[in-house]
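1. give the three-dimensional model of this entry:
(2 chains)
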Amino acid sequence: MSFSNDRKDPRAEEFFSFEITARYGDLARAGVIHAPHGSIETPTFTVVGTHAAVKCLTPNDLRAVGVQVMLSNGYHLLRRAVMIDAAGGLAEFNGWRAPTMTDSGGFQIMSLGSGLGKIVSMSEEDGAISSNVFSSSSARSEQSEPDDIPMLDKSSGGPVVRSASSALRANEYDSEKNCSNAPGRARNLTEVDDEGVTFRDPYHGRIVKFTPELSIATQHKIGADVMMAFDELTSFGDDYDYNVESLERTRIWAERSLREHVRQANLRRGKPYQALFGVLQGGRWQDLREKAAHDLAAMRIRGAEFDGFGLGGAFEKERLGETIKWMTRILPENKPRHLLGLSKPDDIFVGVENGCDTFDCVAPTREARHGRIYTLDGDINLRRSEFASDERPLDPECDCPACCPIRHCEEPRATRQSSGLLRGARNDNNYFSRATLRAMLKSSEPDEKARALSLLSRHNVRFIIRLTEQIRASIIDGTFDELKSFWLKRYYGTIKS
RNA sequence: GCUGGAGUUGAGCAAUUGGUUGGCUCGCCAGACUGUAAAUCUGGUCCCUUACGGGCGUAUAGGUUCGAGUCCUAUCUCCAGCA
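-> The predicted structure follows:
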């Protein structure tokens, strides 16, 4: 009967719920998300495995460092969705067998298309937006002149054409050289209209049209516990008027996402329940952020509503907490909130303080692979020559497999002795020293380097996960403020810039 | 010992018939990275200088030439072949 096919999935409350365990201040809370593939203690960090696997890490690696949730990307898995569905969903497909999330693919509008960074720091001197991406370094801001803000062609009525700017040269894709670098042709052309997003897929060179319906149908096939509504992410080059237009489009896309979600859930009744989060945009404007929260919190399609919310878009670093609060004080308390794409410790503290429950980001793993290693006394660049003879662990207070291998049944000595490079290294410690890991990371031996990438990734992920565990505990025992001030002072107080 | 070939930067290679020669890759030294086109990218890497600038340089010593990494002579070193 068509009537029943349009009804809200009755399993919603049974298979997905959020239980608040403790509160702190106006907005912070610790809780448990009960999802089909398991429970998630919050706050927590969601590790990112875009293509269904976290680079350099196995599911066991993730479990060993306390990861509870993995996030993959609906766009990147588009062509494998049927296969993943046949395998029983993402958690079965990749062997993770624990809670998963998928992003809608909306983010790819920006990262594959116009490609501008999403976090912007305000210039302290003149208050102007310097457009440097989460960096106060002068070198970076000097090359970010106003000309570098993506061009916007909003000739009335037609689709918005967003092309890469000169600041994005690094993002040019080699195989595109034949066509996209030709004079007079825009590269990485991305078109956004009310129907969806059309852009050239840099992997295959194909023109792809992505819509809310395609995103949700794909995410259903992928089968993550939590899906994200299809949204448009604006950047700092976009003015207020464009954000008004974009937010309305995101609102309509949210409705279409929810409608398609209801349809898919009914079509796929034998499958595990999947939650859908609405994604809030609105840039840096309070009225838009509040409108987004009101709209999505009230949204109902055939009795279905969002199971939680994703807070996304471009944020001003200095006003992150304020911006989040505009939304979280409006959103319903009993639904989880995911802060999309942020994981720096200060961002996590600010996010939790203002009511966010989960976080995801590529930074811990990407930066680990690039040698930026998190320690309680600030980050270090492990590739620096000063660590070539540093026999200390990465972080003496860390309990990760690199810093504390015994706990994880790892055997540091085997690897230490496996290479001529490392033959002279001390091997009487029960941890991987900075010197050893640096040599492994810089090794020309592929296996040895891969081992370093894995260990360093696990270290950084463990660092962030442990931070969220401590934050959760501090909310429960009422010491959040003390933890925050102590922790941030130690971490950033000695950070080398 | 003879014959032939070759000597450029930390390494391996470039540099039109002699024509502004410090280039490329790797290594090294730094930097960046926030819902992953990223085990990637950017910059530097002869000497002096904070910088602006300046100086020198193609095994060594001479020579030819307006001009030499390139041509000539000698020496040294290495490689290959022959004895």
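2. what bits of the stretch 1-150 of chain A have low per-residue confidence?
-> Within the stretch 1-150 of chain A, the stretches with pLDDT under 70 are A:1-13, A:113-150.
3. so where do the helices sit in it?
-> All helices of the stretch 1-150 of chain A, identified by DSSP state H, counting those that start in this stretch, fall at A:2-5, A:12-15, A:59-64, A:81-86, A:90-93, A:107-108, A:138-142.
4. what comes up buried for the longest helix along chain A?
-> Ranked by number of residues, the top helix in chain A under DSSP state H is helix A:446-476. Under the neighbour-count criterion of 16 or more other CB atoms under 10 Å, helix A:446-476 has A:448-449, A:451-469, A:471-472, A:474-475 buried. Backbone N, C-alpha and C define where each C-beta goes, glycine included.
5. over to stretch A:278-289?
-> A:278, A:279, A:280, A:281, A:282, A:283, A:284, A:288, A:289.
6. and RNA strand B, which of those reach it?
-> Restricting the buried residues of stretch A:278-289 to those near RNA strand B by CB under 7 Å from any atom of the strand leaves A:279, A:281.
7. and the buried residues of stretch A:278-289 as CSV, adding secondary structure?
-> Shown next, in CSV, are the buried residues of stretch A:278-289 (DSSP: H, G, I helix; E, B strand; the rest coil):
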residue, secondary structure
A:278, strand
A:279, strand
A:280, strand
A:281, coil
A:282, coil
A:283, coil
A:284, coil
A:288, helix
A:289, helix
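8. can you tell me which of the buried residues of stretch A:278-289 is nearest residue A:335?
-> residue A:278 (9.5 Å; CB to CB).
9. contact partners for that closest one?
-> By CB atoms under 8 Å, 6 or more residues apart in numbering, the contact list for residue A:278 reads A:229, A:254, A:257, A:258, A:296, A:299, A:306, A:308, A:309, A:310.
10. is it in a bridge, and if so with what?
-> Beta-bridge partners for residue A:278, by DSSP bridges, are residue A:309.
11. now do it, the pLDDT please.
-> Note on residue A:278: pLDDT of 98.
12. also the one 4 residues further on?
-> Note for residue A:282: predicted pLDDT of 96.
13. now do the contacts for it.
-> Contact analysis of residue A:282 by CB under 8 Å, 6+ apart lists A:243, A:247, A:288, A:289, A:290, A:291, A:292, A:313, A:327.
14. change it to 6 Å
-> A:247, A:288, A:289, A:292 (CB atoms under 6 Å, 6 or more residues apart in numbering).
15. widest-spaced pair of those residues?
-> A:247 and A:289 (9.0 Å).
16. residue A:93 and RNA strand B, how far apart?
-> Going from residue A:93 to RNA strand B by CB to the nearest atom of the strand, to the nearest Å gives 17 Å.
17. residue numbers of the stretch 201-350 of chain A in contact with RNA strand B?
-> Looking at RNA strand B, the residues of the stretch 201-350 of chain A close enough under CB under 7 Å from any atom of the strand are A:202-203, A:228, A:231, A:233, A:279, A:281, A:310, A:312-313, A:317, A:340-344, A:347.
18. helices of the stretch 201-350 of chain A, start to end?
-> With DSSP H, counting those that start in this stretch as the criterion, the stretch 201-350 of chain A has helices at A:212-222, A:240-267, A:286-298, A:320-328, A:345-353.
19. what are the buried residues along stretch A:31-38?
-> Those would be A:31, A:32, A:33, A:34, A:35, A:36, A:37, for stretch A:31-38 by 16+ other CB under 10 Å.
20. again with stretch A:239-257
-> Neighbour-count burial for stretch A:239-257 [16+ other CB under 10 Å]: A:242-247, A:249-251, A:253-257.
21. quick one: it to chain centroid distance?
-> Remark: stretch A:239-257 is offset 21 Å from the chain centroid, using CA atoms, centre = their mean, to the nearest Å.
22. which residues does it contact?
-> For stretch A:239-257, the surrounding residues in contact (CB under 6 Å, 6+ apart) are A:194, A:212, A:216, A:229-232, A:234, A:278, A:281-283, A:288, A:295-296.
23. what does the average pLDDT come to for it?
-> Per-residue scores along stretch A:239-257 average to 96.
24. put the alpha carbons of that stretch into PDB.
-> Output of stretch A:239-257 as PDB, limited to C-alpha atoms (Å, rounded to 0.1, in the frame of the first residue of the first chain):
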ATOM      1  CA  ASP A 239      29.200  36.800   0.500                       C
ATOM      2  CA  TYR A 240      26.100  37.100   2.500                       C
ATOM      3  CA  ASP A 241      23.800  37.200  -0.500                       C
ATOM      4  CA  TYR A 242      25.200  34.000  -1.900                       C
ATOM      5  CA  ASN A 243      25.000  32.300   1.500                       C
ATOM      6  CA  VAL A 244      21.300  33.200   1.700                       C
ATOM      7  CA  GLU A 245      20.800  31.600  -1.700                       C
ATOM      8  CA  SER A 246      22.900  28.600  -0.900                       C
ATOM      9  CA  LEU A 247      21.300  28.100   2.500                       C
ATOM     10  CA  GLU A 248      17.900  28.000   0.900                       C
ATOM     11  CA  ARG A 249      19.200  25.400  -1.600                       C
ATOM     12  CA  THR A 250      20.600  23.400   1.300                       C
ATOM     13  CA  ARG A 251      17.300  23.500   3.000                       C
ATOM     14  CA  ILE A 252      15.500  22.200   0.000                       C
ATOM     15  CA  TRP A 253      18.100  19.600  -0.500                       C
ATOM     16  CA  ALA A 254      17.600  18.600   3.100                       C
ATOM     17  CA  GLU A 255      13.900  18.100   2.500                       C
ATOM     18  CA  ARG A 256      14.700  16.100  -0.600                       C
ATOM     19  CA  SER A 257      17.200  14.100   1.300                       C
END
